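Participant: just the structure for this:
(one chain, ligands or ions: 1)
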Amino acid sequence: MNAPTSQAVLAPTVKLLIGGKFVESKTTQWRDVVNPATQEVLARVPFATPEEIDAAVASAQEAFKTWKKTAIGARARIFLKYQQLIRENMAELAAILTAEQGKTLPDAEGDVFRGLEVVEHAASIGNLQLGELANNVAGGVDTYTLLQPLGVCAGITPFNFPAMIPLWMFPMAIATGNTFVLKPSEQDPMVTMRLVELALEAGIPPGVLNVIHGGEAAVNAICDHKDIKAISFVGSTKVGTHVYNRASLNGKRVQCMMGAKNHAIVLPDANKEQTLNALAGAAFGAAGQRCMALSVVVLVGEAQKWIPELVEKAKTLKVSAGTEKGTDVGPVVSCAAKDRVQGLIERGIADGATLELDGRNPNVPGYEKGNFVGPTVFSGVKPGMAIYDQEIFGPVLCLSAAADIDEAIEFINSNPNGNGTAIFTQSGAAARKFQEEIDVGQVGINVPIPVPVPLFSFSGSRASKLGDLGPYGKQVVLFYTQTKTVTARWFDDSTISHGVNTTISL
Ligand code: NAD
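Facilitator: You can find the predicted model right below:
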């Protein structure tokens, strides 16, 4: 929380959504939502009171009584309408997102679009929420399963994809018959709220979707609330681990997608131009603030000679506000984030890595107050250096070296994180070896950011994830439903048995 500035007093307030109504919080604790390119205060976001959080959960609990019985088709048609509304409002959504988060307008559209794809998938959820049936498991006995919604589910989202990640969560939870309480990032809640308004316009009934705002206290209240059955979390490893432990102890189902350190291997037989473009795009796009950003590249053998050309590519990227045409790298989300990233660059130098390109304090005409860090490249990066051991979450690329593919795979498998990885090569055999041996949940072959489309599920692994089932796609249908197994025998006169049977049998 920060003390309100004079700008902030004039700024609009972000509302809570409780029982289908957008309401002003009665809290005394507020935080400014700030444009990271200009420091303009765009809005003030409340830290909801315990009573408001209880009211949101109670409204979801009440709405569940009827929503769980609403026909699959009726639920699905809301998401058909919703996807249309998101498309129609794409430019406005992207503009809000860029203003509060900083990424470029085309990238903001991509953020919304990747969420829109999940909404489209939610509209056909009936195909995935099917039970199974085995006929005659014993004489006259059938067994079948029902995939029933859990009740009130909650979502806690990070700042870096304020459109996509909320859309990973509430459409799938609601389409499968649950009701939802969303807690967006307090750093950039405005595009999330516009998406929530459109969801209501599409026909989501009062109480089925609720929104509370806040930070640590709101998250802890969600973890502890007796009426919340399941929690989806996306954010840092530290907070995700806390959420997983606290909510699991309270008997909830929890999935946490967390921090990362994504490595790519470049073999010398890779197509050089295509590979260098892909590396620069994946390392510096969204100012390195993607959980699937490429932060370490392991150059194998002769590929180590490509460093100067990679640095040249990085130098060509335009650093400016996300609203400026041709911008490649926007600001990082906050002044604190900028200080942290620049501090890590200093530690990289102190730890003995070679600074090939220094992006600190770039000159950005017209946006002198913005939180800009330009593309930064280190070579000679090793485990034990802070820039390797920590997730930088800024436009900083670390280069390491390996003699061969085996050494490179071993290097990646020794890192605790398992969000995403990629290999660049023209060898099918090398790519196949990589896909078999690499211990990372999402693998790209000549694809730098292998985020699966919603026909699949996001499948980070190891320290990047807690819980078994990933967000969206097939896996989340299992996450948001309870399988009930029914074993049924119907008697007619000819099958009625007589006498008591005390043995275990059907
Ligand atoms: P964060 O962990 O700081 O915040 C995530 C959520 O937790 C927010 O809603 C925030 O309000 C809440 N929160 C923050 N501090 C808390 C605390 N002490 N106690 C309880 N709740 C708290 O994450 P962020 O900075 O918003 O997002 C960046 C992080 O998210 C990066 O680590 C990134 O890798 C990760 N991320 C992961 C994925 C993935 O799918 N694996 C996707 C996007 C982002």
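
Participant: skipping its backbone neighbours, what lies nearest the spatially most central residue of the chain in space?
Facilitator: For the chain, the residue nearest the mean C-alpha position is residue 165 (4.4 Å; CA atoms, centre = their mean). Closest residue to residue 165 apart from its sequence neighbours, by CB to CB, 6 or more residues apart in numbering: residue 157 at 4.6 Å. The C-beta positions use only the backbone N, C-alpha and C, and glycine is treated the same way.

Participant: pretty sure that neighbour contacts residue 235?
Facilitator: Yes. Using CB atoms under 8 Å, residue 157 makes contact with residue 235 at a distance of 7.3 Å.

Participant: contacts for stretch 219-230?
Facilitator: Around stretch 219-230, the neighbours that count as contacts under CB atoms under 8 Å, 6 or more residues apart in numbering are 50, 53-54, 57-58, 60-61, 150-154, 156, 173, 178, 181, 183, 231, 239, 243, 246-247, 250, 252-255, 479-480.

Participant: please report how far the residue in the stretch 51-200 of the chain positioned nearest to the ligand lies from residue 345.
Facilitator: Relative to the ligand, the nearest point of the stretch 51-200 of the chain is residue 158 (3.0 Å; CB to the nearest ligand atom). Distance from residue 158 to residue 345, counting by CB to CB, to the nearest Å: 23 Å.

Participant: the residue nearest to the centre of the chain: helix or strand, and which one exactly?
Facilitator: Using DSSP states H and E, residue 165 maps to helix 164-175.

Participant: which other helices and strands does that helix contact?
Facilitator: Packing partners of helix 164-175 (3 or more CB pairs under 8 Å, 6 or more residues apart in numbering; DSSP states H and E): helix 72-88, helix 105-122, strand 152-156, strand 179-183, helix 190-201, strand 228-234, helix 473-479.

Participant: elements contacting the helix or strand just after the first one?
Facilitator: Past helix 72-88, heading to the C-terminal end, the next element that is a helix or strand (DSSP H and E) is helix 90-101. The contact analysis (3+ CB pairs under 8 Å, 6+ apart) places helix 90-101 against strand 41-46, helix 105-122, helix 190-201.

Participant: can we see that at 10 Å?
Facilitator: Counting by 3 or more CB pairs under 10 Å, 6 or more residues apart in numbering; DSSP states H and E, the packing neighbours recorded for helix 90-101 are strand 30-34, strand 41-46, helix 105-122, helix 190-201.

Participant: to residue 13, which of those lies closest?
Facilitator: Nearest to residue 13 among the helices and strands packed on helix 90-101 is strand 41-46 (5.1 Å), distances taken as CB to CB.

Participant: near the ligand, which residues of this structure?
Facilitator: With CB under 6 Å from any ligand atom as the criterion, the chain comes near the ligand at residues 156-161, 183, 185-186, 215-216, 219, 234-236, 239, 242, 257-260, 291, 391, 393, 419, 458, 460, 464.

Participant: for the protein, what are the low-confidence residue spans?
Facilitator: Within the chain, the segments meeting pLDDT under 70 span 1-9, 506.

Participant: mean neighbour count and distance to residue 17 for the helices and strands packed on helix 90-101 - can I get that in a markdown table?
Facilitator: A markdown table is the format used below for the helices and strands packed on helix 90-101 (neighbours: other CB atoms under 10 Å; distance: least, CB to CB, whole Å):
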| stretch | mean neighbour count | distance to residue 17 |
| --- | --- | --- |
| strand 30-34 | 23 | 17 |
| strand 41-46 | 23 | 12 |
| helix 105-122 | 22 | 18 |
| helix 190-201 | 22 | 6 |
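
Participant: could you find the closest non-adjacent residue to residue 485?
Facilitator: Closest residue in space to residue 485, ignoring its immediate chain neighbours: residue 145 at 5.3 Å, by CB to CB, 6+ apart.

Participant: tell me the contacts of that neighbour?
Facilitator: Residue 145 sits next to 130-134, 481, 483-486 when contact means CB atoms under 10 Å, 6 or more residues apart in numbering.

Participant: top of these by neighbour count?
Facilitator: Within those, residue 481 tops the neighbour count with 22 neighbours, counted by other CB atoms under 10 Å.

Participant: still on that earlier bit, please, which helix or strand holds the residue nearest to residue 485?
Facilitator: Going by DSSP H and E, residue 145 is part of strand 141-149.

Participant: each with direction, which strands does that strand pair with?
Facilitator: Here strand 141-149 is paired, per DSSP bridges, with strand 133-138 (antiparallel), strand 481-489 (antiparallel).

Participant: buried residues in that strand?
Facilitator: The neighbour-count check on strand 141-149 (16 or more other CB atoms under 10 Å) flags 143, 147-149 as buried.

Participant: also stretch 267-276?
Facilitator: 267, 270, 272, 275-276.

Participant: in JSON lines: these, plus secondary structure and distance to residue 27.
Facilitator: Formatted as JSON lines, the buried residues of stretch 267-276 follow (DSSP: H, G, I helix; E, B strand; the rest coil; distance: CB to CB, whole Å):
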{"residue": "267", "secondary structure": "coil", "distance to residue 27": "55"}
{"residue": "270", "secondary structure": "coil", "distance to residue 27": "53"}
{"residue": "272", "secondary structure": "helix", "distance to residue 27": "55"}
{"residue": "275", "secondary structure": "helix", "distance to residue 27": "50"}
{"residue": "276", "secondary structure": "helix", "distance to residue 27": "50"}
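
Participant: wait, doesn't residue 114 sit right on residue 166?
Facilitator: No. Using CB atoms under 10 Å, residue 114 is not in contact with residue 166; the gap is 11.7 Å.
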